[in-house]
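*Asks:* turn this into a model:
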Amino acid sequence: MCGIVGVVSRSEVAPNLVVRMRDCLAHRGPDHAGLWSSDDKRVCLGHRRLSVIDLDVRSNQPMSSSDERFTLTFNGEIYNYRALRTVLERQGVRFRTQSDSEVLIEAFRRWGAECLDLLSGMFAFAIWDAEKRQLFCARDRAGEKPFYYAVTNGTFIFASEAKSLLEWPELPRRIDYEALIDFLTLGFVADPKSIWLDVRKLAPARTLTVELPEDGVPAVRGPRRYWSLPFISRPGDGSPEQIRDTLVRAAKEMAVADVPVGTFLSGGVDSSAVTAALSLSGHDVRSFTIGFDLPEYDERNWARQVAERYRTRHLERMIRPTDVTTALDILTWHYDEPFNDYSCFPTYYLCREARRSITVALSGDGGDELFAGYRKYQRLARRTQLKNLFPIEVARYTAAVADHILNEGNHWRRTLRQYGLAPPQMLADMLCTGFSLPLLREIARGPLAEALRHYDPYQLVEQLLVEAPPHEVGLVNAMRHLDFVLVLPGDMLVKVDRASMAVALEVRPLLLHREVMDLAAGIPPEQLVNCDEAKLALKSAVRPWLPSPLIDRRKQGFAMPLPEWLGDTLPVCFARQKADVSAQVHNFLDLERIEELAMAHSKGESDFTSVVHATFVLGQWLSRWVSNESLYSGDIAALAL
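*Replies:* Just a heads-up that it's a prediction; the model follows:
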């Protein structure tokens, strides 16, 4: 895996600036640092390399095509590069390296943007076309690899991470308050927004083109969508044999590397299926898992059963409360946007442990989104089943009673309230895993309260549901769509990318292989979930591979005991933060009200883990990335746009 940067400007680009941007990403690519400039010095591309395929120096980047018309900076892997190479060789292309990077650039030289239809892989890349004077940028289908960009004072800049763009001296640090609302409610900043008003992300399955006239400023065309995953049911798809064959075939293709490969093995169905598929594809597997002292969070016993069955070289690592405090500053730097998924802590330690012996890990990310594995899908199936027996008027009355007798933060109060909402609002509320919208409106202050007057995440969800209306595709498929285009690229894949790149480990999610995605999308909802069980199709498929008790047990999820730790070990850390950053946080949130919620949480009256953690993360982020001067100078400008 790698880090990419680049600049396209109306005037000459100072290489030292691009070097500074590039070397902010040294953790993503510790093996080589490259730089390329166009003849007129108005285009400069940088690259940090983590060597995975063809370790020879000839495969370093930026890389130019054989005719030197195209120059590439590329982050990711093309899993089917050998098959594409064979096709290109038959068409007369002569290769100088054994790398997938050269296959990518020669595929673009031969087929242009249409090469994206042929790629199996994860990627974010930019290719400069010297003849057309165009920069072509693309991001993979699921959004596994990041791509940030900005336009400022006649200059287009891009990078793998936002922190790299902040090195550009003319880029202002103005908070996007709509993005801050996304973070506080959803738990992450949703694409294509970033936390910075002047920085955007290229959304998954999108391309954009930057045209540079001989005498003029760069012009950005796009983004343009080149692919979508329609959740259209195809009866007959999703048989157990078909799913198993697809997983093994995908594992065989995705394990290609010139470095050691292993798997993350949590003990859940997804990671266990990935470990089984890799082993059955003919590979000797190394597996890695994380454990906790509290048995309700600890899955090591289940992981050991899978490791023993497939005779993997298995390694475990325990996580304790002190590990959270130790990693706080490290992860605040790597997650350079506010991020409320606290499973990033065990993910980071899992990656760090794995990196001691492997460079590539296959993971089970994407399984819950594609195969309807979350418990919320059971609730959606139940609502679909009961809609005639439990009219919405009755549901709204029940929700009103629950609001009256149950405390804010009570699980049943939130659940019953959702049953009283119209389908789009119910889906949106399910996605708000941090602050509920009513609670945020109560607590918000200053510019955040002002932004809430004209924006909330329900608007974002409604826009996305245009592509998958619940009344047409059903509640389960509508939520699968939202999980795939919103939660997966904004939360799960960000978590894994930043945690793994922090230690220069490449993670490949097997269940996001393009064949697996296409197969899962066509499975009818009734084959995926019912009122009693989720992820039916995948569980049925892998039953011959895994112990039945592992498949049939209640889903745990890859999480750590933060709710318990917040009421026990971690308050000292939180209290220490108050003295440093509470004044900045208080500009956005009523901290006295949050103190009341934290007290209710510590007494066990309600669960406000996400609220307390989000407030803490915001304080950490403000302290690290926002100076008082830039914070307040940006407020008025941000609200005016």
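
*Asks:* who touches Phe74 in this structure?
*Replies:* Contacts for Phe74 (C-beta atoms under 8 Å, 6 or more residues apart in numbering) come out as 2, 4, 47, 61, 63, 101, 104-105, 123-125. To be clear about C-beta, it is placed using only N, CA and C from the backbone, and glycine gets the same treatment.

*Asks:* return the helix or strand that contains Ala327 as CSV; C-alpha atoms alone will do.
*Replies:* In this structure, Ala327 sits in helix 321-334 according to DSSP states H and E. Output of helix 321-334 as CSV, limited to C-alpha atoms (Å, rounded to 0.1, in the frame of the first residue of the first chain):
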residue,chain,number,x,y,z
PRO,A,321,-7.6,0.2,29.3
THR,A,322,-4.1,1.6,29.4
ASP,A,323,-3.7,0.7,25.7
VAL,A,324,-6.4,3.2,24.9
THR,A,325,-4.7,6.1,26.7
THR,A,326,-1.3,5.1,25.2
ALA,A,327,-2.7,5.2,21.6
LEU,A,328,-4.8,8.4,21.9
ASP,A,329,-2.3,10.8,20.5
ILE,A,330,-1.1,8.4,17.9
LEU,A,331,-4.6,7.8,16.5
THR,A,332,-5.7,11.4,16.7
TRP,A,333,-2.8,12.1,14.3
HIS,A,334,-3.6,9.2,12.0
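
*Asks:* starting at the chain centroid, how far to it?
*Replies:* The chain centroid and the centroid of helix 321-334 are separated by 19 Å, computed with C-alpha atoms, centre = their mean, to the nearest Å.

*Asks:* give me the angle between whatever helix or strand comes next after it and helix 321-334.
*Replies:* Past helix 321-334, further along toward the C-terminus, the next helix or strand under DSSP H and E is helix 344-354. Orientation of helix 344-354 against helix 321-334 (axes from the mean of the first three to the mean of the last three C-alpha atoms, to 10 degrees) gives an angle of 90 degrees.

*Asks:* for the spatially most central residue of the chain, what are its contacts?
*Replies:* With distances taken as C-alpha atoms, centre = their mean, the residue of the chain nearest its centroid is Leu493 (2.3 Å). Leu493 makes contact with 142-144, 365, 509 under the criterion C-beta under 8 Å, 6+ apart.

*Asks:* got phi/psi on it?
*Replies:* Main-chain dihedrals, Leu493, degrees, to the nearest 10: phi -80, psi -30.

*Asks:* count of neighbours near the residue lying closest to Glu131 once chain neighbours are set aside?
*Replies:* Excluding its sequence neighbours, the residue lying closest to Glu131 (C-beta to C-beta, 6 or more residues apart in numbering) is Arg69, at 5.4 Å. Residues lying near Arg69 (other C-beta atoms under 10 Å) number 15.

*Asks:* surely Arg69 meets Trp128?
*Replies:* No. Using C-beta atoms under 8 Å, Arg69 makes no contact with Trp128, being 9.1 Å away.

*Asks:* all strands of the stretch 451-600 of the chain, in order?
*Replies:* With DSSP state E, counting those that start in this stretch, the ranges of strands along the stretch 451-600 of the chain come out as 506-509.

*Asks:* what's the distance between stretch 360-372 and the middle of its chain?
*Replies:* Chain-centre distance of stretch 360-372: 12 Å, with C-alpha atoms, centre = their mean.

*Asks:* does Gly6 belong to a helix, a strand or coil?
*Replies:* Classification of Gly6 using DSSP: H, G, I helix; E, B strand; the rest coil returns strand.
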